[in-house]
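Student: Coordinates only, no sequence provided:
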């Protein structure tokens, strides 16, 4: 009896770490503009960066990497984005390899700080999706919110693991 109990105690850390790994949230890094990087887009493609951003799904915790030469990147407010106003940035970087963490859901506005570049289309809006658990809670005003398939599979996995652990202990 003592040996089966001590054996299951050896398995327990593995089971716990596997379960935690299953529930961990992975973040992604996106390279702005893909292989082209943070450049002045061609004159006939001034929506290049917004098109690129709209093809990606950003979540809180993701990072975006701006790669550029002889340029800069600024995070600005919506009005400064619209008017290409570089006088009040909340972030300024000109190191050629800027990594920006999207630390919350919502909209982020980026422009080039190099003279005339924003006006030529070197600007981008990034929309970060709301955290699924928070948005479901906020939207549930008495209506049923469907459970995501990922959540169900995680719960089934957890139930399986706990059943296995219980069978070893008994």
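Tutor: It's in. Being a predicted model, the structure only gives us computed values, none of them experimental.

Student: what residue ranges in the protein are flagged as low confidence?
Tutor: The model of the chain has pLDDT under 70 over residues 1-25, 132-162, 164-170.

Student: 90 instead, please
Tutor: For the chain, the stretches flagged by pLDDT under 90 are 1-27, 130-170.

Student: Show me it divided up by domain.
Tutor: With domains defined by automatic domain parsing, the chain comprises 1-26+131-170, 32-129.

Student: Thought residue 130 was touching residue 57, still the case?
Tutor: No: when contacts are counted by C-beta atoms under 8 Å, residue 57 is not listed as touching residue 130 (11.9 Å). The way it works is simple: take the backbone N, C-alpha and C, and place the C-beta from them, glycine included.

Student: which one of the two has more residues nearby?
Tutor: Neighbour tally, residue 57 and residue 130, criterion other C-beta atoms under 10 Å: the higher count belongs to residue 130, 15 against 11.

Student: where exactly do the strands run in this protein?
Tutor: 29-31, 58-59, 63-67, 73-76, 91-93, 97-101, 106-111, 123-129 (DSSP state E).

Student: give me every residue that touches residue 33.
Tutor: If a contact means C-beta atoms under 8 Å, 6 or more residues apart in numbering, then residue 33 has 39, 48, 49, 52 as its contacts.
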